[in-house]
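> fold the following for me, if possible:
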Amino acid sequence: MKDNIVKFTRLISTAEEDAKRLYEMQDLTATQFNYLEIIGELENPTLTELAAAMKLTKPSVTTAVDRLVLKGLVRKVQSDSDKRSSHLHLTEFGEQINKRHDYAHDYVIDLIAKKLLQDEMKSFSLLLDKITN
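All right, here's what the predicted structure looks like:
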């Protein structure tokens, strides 16, 4: 069991590294990809909302987001309702990076789909859902 989990996580890591090389995104870490993905999913969250979603402290998230701002991937927009907080928006470049990162996800999905029968794919999906929720 452990060997299979190790192989599976290695497969995902390799797909992510391949996507980084293919799209010349080597200067981004896996953590930074994760931030961009979650900001996109949450659709312009505040720092507090992002920290809660990631189960991290607000100071840690602030530091990471500030790095993404410096890279031109995220911008902070002051809230209309609360001038003390800002909403995080992906820049056009940040959105492009997110789309390119999807290549790694699509690669893993395609690989799994090629190896499993349709019923097995449904079972696998249910199991992943159970594990991740």
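> contacts for the helix ranked longest in the chain, please.
Identified as the longest helix of the chain according to DSSP state H is helix 92-115. With contacts defined as CB atoms under 8 Å, 6 or more residues apart in numbering, helix 92-115 is touched by 11-12, 15-16, 18-19, 22-23, 25, 28, 33, 36-37, 39-40, 68, 72-74, 90, 121, 124. C-beta here means a position set from N, CA and C on the backbone, and glycine is covered the same way.
> for the helix or strand containing residue 8, buried residues please.
Assigned by DSSP states H and E, residue 8 belongs to helix 2-22. Using 16 or more other CB atoms under 10 Å as the test for burial, helix 2-22 gives 15, 16, 19, 20.
> over to stretch 32-39?
For stretch 32-39, by 16+ other CB under 10 Å, it's 32, 33, 35, 36, 37, 38, 39.
> packing partners for the helix holding residue 8?
Helices and strands touching helix 2-22, by 3 or more CB pairs under 8 Å, 6 or more residues apart in numbering; DSSP states H and E, are helix 30-42, helix 92-115.
> give me the residues contacting that helix.
25-26, 28, 30, 33, 100-101, 103-105, 107-108, 111.
> most neighbours, which of those residues?
When the contacts of helix 2-22 are compared by neighbour count (other CB atoms under 10 Å), residue 101 ends up highest, at 23 neighbours.
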